[in-house]
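# Show me the folded form of this:
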Amino acid sequence: MKSFVYQDSTIAFVTAAAQTCLLLEHADEHPCEELTEQLLRLLPVLYLRTRLLEPAEMMMEDEPQRFVSEEDYNYTLIGIRNVLGQDDAYLDVFVDNGVYTDEVQTAYISEGLADIYQELKNMAAAFQTGEEPIMNDAVLLCREAFDEHWGQKLLAAMRALHALGKNSEEE
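Alright, predicted model coming up:
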C-alpha cells in the first residue's frame, strides 16, 4: 500500500493547494472579473480535494516549520483586496464557533483567502522538503485546520464570489 504522502488523494490535494497559492500570490495581476472566475473554478476543487484526503496518523512529535511570514500574508491579502476593491466586503451571519447569530457582520473575501493561503502555503512549503514525515504531518495539520476554520472561510468566500460573479454577468 502506498504511503499517505504518495496516495492519489494526497497528490491531488497538494496540486490543488499549489494552484490556489499561485493564483492568490499573483491575484493583483488579474482584473476582478478574471480573478473571480478563476477562484470560482479553483476553490470548489480545493474543497473537494481536501474532503477526499484519506485518514492517516501523525509521524512526528513536533509540528512542521511554518514558512509564511507576516509580509507574505500581507502581500497576498493586499493583492486580493486591491483587485476586489469595494467588492471585497460582504455581510455574513456565521461566527467562528459554528453558531449562527442574528448579528450581521462585515467580512472580507481577501482576509478569508489570505488565511487559506497561509495554511496552504505552509503545507506546500513543508511538502517541498521531500522528507516524508514532514510532508505527512504538514498535510494532516492542513486538513485539521480545514476542519477547524479554513473550510468555512473557503465556503464563505465562494458564496461572496458567486454573488460578485453573478453581478458582473448581469452588468
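# what's the burial count for Phe4?
When neighbours are counted by other CB atoms under 10 Å, Phe4 registers 19. Every C-beta, even on glycine, is put in place using the N, C-alpha and C of the backbone.
# Local confidence estimate at it?
In this model, Phe4 is scored at 95, pLDDT.
# let's have the chain start at 32 instead
Done: numbering now begins at 32, and the last item shifts to Phe35.
# Lowest mean pLDDT among the helices and strands of the protein, which one is it?
In the chain, no helix or strand scores lower on mean pLDDT, DSSP states H and E than strand 131-139, which sits at a mean of 82.
# quick one, the next helix or strand after that one and strand 131-139 angle?
Toward the C-terminal end, the helix or strand that comes next after strand 131-139 (DSSP states H and E) is helix 140-158. Helix 140-158 runs at 80 degrees relative to strand 131-139, counting by axes from the mean of the first three to the mean of the last three CA atoms, to 10 degrees.
# Centre of the chain to helix 140-158, how far?
Here helix 140-158 is found 5 Å from its chain centre; the criterion is CA atoms, centre = their mean, to the nearest Å.
# Could you do stretch 166-182 as well?
How far stretch 166-182 lies from its chain's middle: 11 Å, per CA atoms, centre = their mean.
# just stretch 64-74 next, same as before
Distance, stretch centre to chain centre, for stretch 64-74: 13 Å (CA atoms, centre = their mean).
# Just the C-alpha atoms of it, please, in CSV.
The C-alpha trace of stretch 64-74 is given here as CSV (Å, rounded to 0.1, in the frame of the first residue of the first chain):
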residue,chain,number,x,y,z
GLU,A,64,-13.8,39.5,-13.2
GLU,A,65,-11.0,37.2,-14.3
LEU,A,66,-9.8,36.6,-10.7
THR,A,67,-13.4,35.9,-9.6
GLU,A,68,-13.9,33.4,-12.3
GLN,A,69,-10.7,31.6,-11.7
LEU,A,70,-11.4,31.4,-7.9
LEU,A,71,-14.9,30.1,-8.6
ARG,A,72,-13.4,27.3,-10.6
LEU,A,73,-10.5,26.5,-8.3
LEU,A,74,-12.0,26.8,-4.8
